[in-house]
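Asks: just the structure for this:
(chains A and B)
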Amino acid sequence: MAKYVMKRIAYILVSLLLIITATFFLMQAAPGSPFASERKMTPAMEAQMEEAYGLNDPIHEQYVDYLVNAITFDFGPSFKYVGQDVMDIILRSFPYSLVIGLEAVFIAIGLGVLLGVFAALKHNKFGDYSAMIIAVLGISVPSFIMATILQYILAIKFDIFSVARMESFADTILPALALATTPLAFIARLMRSSMLDVLNSDYIKTAKSKGMSQRIVTYKHGLRNALLPVISYMGPLVAGILTGSFVIEKIFGIPGLGSEFVTSITNRDYTVIMGTTVFYSVILLFCVLIVDLIYGIVDPRIKLDSKGGGK
Amino acid sequence: MSQQQLTNVDFEPLHIDHAESEKIVGKSTSYWKDAWRRFRKNKLALTGIVVLLFLGFMAAFGADISGENFRDNDLMSTNQAPSSDHWFGTDNLGRDIFARTWDGARISLFIGLTAAFLDLIIGIIWGAISGYFGGKVDEYMMRIADILSSLPYLLVVILLMVVMGQGIWTMIIAMVITGWINMARIVRGQVMQLRSEEYVLASKSLGAGNSRLLFKHLVPNTLGPILVTLTLTVPNAIFTEAFLSFLGLGVPMPDSSWGVMTSEALGSFQYFPYQLFFPAFFICLTMLAFNVIGDGLRDALDPKDRK
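Replies: Next comes the predicted model:
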């Protein structure tokens, strides 16, 4: 187990190295200068600025510097906001994104599992069809459209929530709902098919013929095993919620990391773009690792150390 | 009381012609005929096809029907509600939303279909090579795919768009660079699995040549999942286009796309909700149609999963 974890962490480090390298050179190749603004700078000033941010060093030196600093999560200063470090910006804005993201994860898993189980229990009946129509709709409506629909109906027409504000818990509900829509629908479909598989398997029949009540069979024997595919969906779920936050935070005016990232793109604030990308990658890669470890614990049939099962 | 006369002939055993009894009377059903029969029963998927045909038709001719141009602005009639003059109303620059919607449809569908098609080609080549050769080649090729896919798709596309600049083709390229992985994995899995299937072995031992094996057994069985993935890639690409345009990284001015229109309408949607409604509605409708068709195809092409 320990050996497996070490190996996975080594893979993660290699991936991170590649990601940092790729983003570094991509940003070098990107057009436009971060110092280009309406107020034209004199060449002397520009040279001074570039000197101050270390942009005059040869590329390989800049690259090595960046790598070394990135290990300690020091992504340098922001080009656009004078006196702010990239890490300051990340640490300031990430808590908002974290709260909304976690809320969205809970909504997506909770409601998705509920909807899927409901559909499976009512297989080929009206309840099944309506649950699956909801799921297909959820997959087809992009999160940013869902966000505006929610805003229009719940905030403008009925005035239950505020349109765009980030002060109390109530303000986080709409963005979290909008973020959760697509993953919720995916989980519902996943849950339905895996629940149907499980309910048709032999040990469920055994449990039934032993005389166990329908409820125990469904929830204790069925649901637990049917949850496995949902756990493996956690990686894509986290990725989807991360990227979804770019637009959702823009629509709801949340000062989170997603909107910082989008702003940094329009500002061509390269250090912020790079820092945020690396930060997102770290989160995502470790989430995937944790999910895999949990998967191994929950389902002992999966041996983590062996390579991908028999061929 | 009449008695039937029985002769010895009546007690003779009937002659059974073995050649005759082995003859197949019913028309043979091919894989695709069978799939089509199942697909036809799926009303939802058929509706999806009708909707898509309609959208395709309107994308091709819709912009000319109303007699308005997607880029002509009329500053005397801005932000007008839908009327007989402007069927879907006008936007904040007085441009006709009906014409812009169908021009946007053209671009959205073009991007979606082209990106999916390029994904298909790269994915099939990569996946087939990887699955066919196996071993070290497979290991390295899939490791590359793993690393590429360990980052969120949209994040990579956004970074590439930042570097390459706005444009329809740069958007397609950015999508394809990361989008082929899914297709490659599916093709690889299929090829690896089918290579060692017993029916392939059986067919081989019956003396089937390579070409018969490939075209009669391997290709038809791989085509199903490929087709399903393809149908589900298109809505994903359309979504990505809308998402990027929404962030201001997508289709450059003055072209319209559904994402651009949604993004432009967002600022004033409290006052002019219809400006948001039309592009948003058509994004959802298109994605819905593709998703429903994809689901229908999956049910029809995968006989193992029959209800």
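
Asks: close to chain A: what parts of the stretch 51-200 of chain B are there?
Replies: Contacts of the stretch 51-200 of chain B with chain A, taken as CB under 8 Å from any CB of the partner chain, map to B:147, B:150-155, B:158-160, B:162-163, B:165. (Glycine included, C-beta is placed from N, CA and C.)

Asks: drop anything exposed from those residues.
Replies: Neighbour counting by 16 or more other CB atoms under 10 Å in any protein chain shown classes B:150-155, B:158-160, B:162-163 among these as buried.

Asks: residue A:140: neighbouring residues, count only.
Replies: Residue A:140 has 22 neighbours, counted by other CB atoms under 10 Å in any protein chain shown.

Asks: equivalent analysis for residue B:32, please.
Replies: 14.

Asks: downstream of the helix or strand of chain A with the lowest mean pLDDT, the next helix or strand is which one?
Replies: Least confident helix or strand, chain A: helix A:43-52 with a mean of 71, by mean pLDDT, DSSP states H and E. Proceeding N to C from helix A:43-52, the next assigned helix or strand is helix A:59-71, under DSSP states H and E.

Asks: any low-confidence regions in the chain?
Replies: All of this is about chain A. For chain A, the stretches with pLDDT under 70 are A:31-41, A:49-50, A:52-56, A:161-167, A:302-311.

Asks: please refer instead to chain B.
Replies: Applying pLDDT under 70 to chain B flags the ranges B:1-2, B:62-63, B:65-89, B:91-94, B:210-211, B:213-215, B:218-220, B:302-307.

Asks: tell me the residues of the stretch 1-150 of chain A that contact chain B?
Replies: Counting by CB under 8 Å from any CB, the stretch 1-150 of chain A sits next to chain B at A:14-15, A:18-19, A:23, A:26-27, A:29-31, A:124, A:136-137, A:139-142, A:144-145, A:148-149.

Asks: please pick the buried ones from those.
Replies: The neighbour-count test (16+ other CB under 10 Å) applied to those identifies A:15, A:19, A:23, A:26-27, A:30, A:136-137, A:139-142, A:144-145, A:148-149 as buried.

Asks: near chain B, which residues of the stretch 151-300 of chain A? Just list them.
Replies: Contact residues (CB under 8 Å from any CB) of the stretch 151-300 of chain A with chain B: A:152, A:156, A:163, A:239-240, A:242-243, A:246-247, A:250-251, A:262, A:265-266, A:268, A:273, A:277, A:280-281, A:284-285, A:288.

Asks: can you give me the helices in the stretch 201-311 of chain A?
Replies: Remark: helices assigned in the stretch 201-311 of chain A by DSSP state H, counting those that start in this stretch are A:202-209, A:214-216, A:224-226, A:228-232, A:234-252, A:257-267, A:270-298.

Asks: what's the longest helix in the chain?
Replies: I'll assume chain A. Assignment by DSSP state H gives helix A:86-121 as the longest helix of chain A.

Asks: look at chain B instead
Replies: Assigned via DSSP H, chain B shows its longest helix as helix B:97-133.

Asks: show me what whichever helix or strand comes after that one packs onto, helices and strands only.
Replies: Of the helices and strands lying after helix B:97-133 in sequence (DSSP H and E), the nearest is helix B:135-149. Packed against helix B:135-149, as judged by 3 or more CB pairs under 8 Å, 6 or more residues apart in numbering or on different chains; DSSP states H and E, are the following elements: helix A:2-29, helix B:97-133, helix B:168-195.

Asks: most tightly surrounded among the ones you listed?
Replies: Most buried of the helices and strands packed on helix B:135-149, by mean neighbour count (mean count of other CB atoms under 10 Å in any protein chain shown): helix B:97-133, with a mean of 22.

Asks: what angle sits between that helix and helix B:168-195?
Replies: Relative orientation of helix B:97-133 versus helix B:168-195 (axes from the mean of the first three to the mean of the last three CA atoms, to 10 degrees): 40 degrees.

Asks: quick check: angle from helix B:97-133 to helix B:135-149?
Replies: Going by the same axes, to 10 degrees, helix B:97-133 makes 150 degrees with helix B:135-149.

Asks: helices or strands next to helix B:97-133 in the packing?
Replies: Short answer (3+ CB pairs under 8 Å, 6+ apart): helix B:97-133 packs on helix B:43-65, helix B:135-149, helix B:168-195, helix B:219-246, helix B:258-266, helix B:273-301.

Asks: I'd like those laid out as a markdown table, including distance to residue B:35.
Replies: Shown next, in a markdown table, are those (distance: least, CB to CB, whole Å):
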| stretch | distance to residue B:35 |
| --- | --- |
| helix B:43-65 | 12 |
| helix B:135-149 | 29 |
| helix B:168-195 | 16 |
| helix B:219-246 | 7 |
| helix B:258-266 | 31 |
| helix B:273-301 | 5 |
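
Asks: once you drop chain neighbours, what's closest to residue B:297?
Replies: Leaving aside its sequence neighbours, residue B:297 sits nearest to residue B:228 (CB to CB, 6 or more residues apart in numbering or on different chains; 5.0 Å).

Asks: ok, residue A:103 - contacts?
Replies: Residue A:103 is in contact with A:172-173, A:176, A:180, counting by CB atoms under 8 Å, 6 or more residues apart in numbering or on different chains.

Asks: please repeat the previous calculation with a cut-off of 7 Å.
Replies: A:172, A:176 (CB atoms under 7 Å, 6 or more residues apart in numbering or on different chains).

Asks: that one and residue A:110: what is the separation?
Replies: Distance, residue A:103 to residue A:110, using CB to CB, to the nearest Å: 11 Å.

Asks: just the buried ones among the residues of the stretch 51-200 of chain B next to chain A now: which is nearest residue A:132?
Replies: Nearest to residue A:132, judged by CB to CB, of these is residue B:153 at 25.2 Å.

Asks: what sits against that closest one?
Replies: Taking CB under 7 Å, 6+ apart, we find residue B:153 in contact with residue B:178.

Asks: could you rerun that using 8 Å?
Replies: Going by CB under 8 Å, 6+ apart, residue B:153 touches A:239, A:243, B:178-179, B:240.

Asks: a markdown table for the helices and strands packed on helix B:135-149, including distance to residue A:222?
Replies: Output for the helices and strands packed on helix B:135-149, formatted as a markdown table (distance: least, CB to CB, whole Å):
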| stretch | distance to residue A:222 |
| --- | --- |
| helix A:2-29 | 30 |
| helix B:97-133 | 35 |
| helix B:168-195 | 28 |
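
Asks: now the end-to-end length of stretch A:191-206.
Replies: For stretch A:191-206, the first-to-last residue distance is 22 Å (CA to CA, to the nearest Å).

Asks: give the buried residues for that stretch.
Replies: Those would be A:191-192, A:194-196, A:198-199, A:204, for stretch A:191-206 by 16+ other CB under 10 Å.

Asks: again, but for stretch A:229-249
Replies: For stretch A:229-249, a neighbour-count test (16+ other CB under 10 Å) marks A:230-249 as buried.

Asks: and residue B:267, how far from chain A?
Replies: 11 Å (CB to the nearest CB, to the nearest Å).

Asks: hang on, I meant residue B:107
Replies: Distance of residue B:107 to chain A, given as CB to the nearest CB: 16 Å.

Asks: okay, now the residue nearest to that residue when sequence neighbours are not counted: neighbour count?
Replies: Nearest non-adjacent residue to residue B:107, counting by CB to CB, 6+ apart: residue B:257, 4.6 Å away. The tally of other residues near residue B:257 (other CB under 10 Å) stands at 30.

Asks: so what's the backbone phi/psi at residue B:257?
Replies: Residue B:257 has phi and psi values of phi -150, psi 170 when expressed as degrees, to the nearest 10.

Asks: contacts only, for the nearest residue to residue B:260 once chain neighbours are set aside.
Replies: Take residue B:260 and drop its neighbours on the chain: the residue closest to it by CB to CB, 6+ apart is residue B:245, 4.5 Å away. Counting by CB under 8 Å, 6+ apart, residue B:245 touches B:251, B:257-260, B:262-263.

Asks: ok, so of those residues, who is nearest chain A?
Replies: Using CB to the nearest CB, residue B:262 is the member of the contacts of residue B:245 that lies nearest chain A, at 6.9 Å.

Asks: I figured the closest one hits residue B:279, correct?
Replies: Yes: the pair residue B:262 / residue B:279 is scored as a contact, 4.9 Å apart, by CB atoms under 8 Å.
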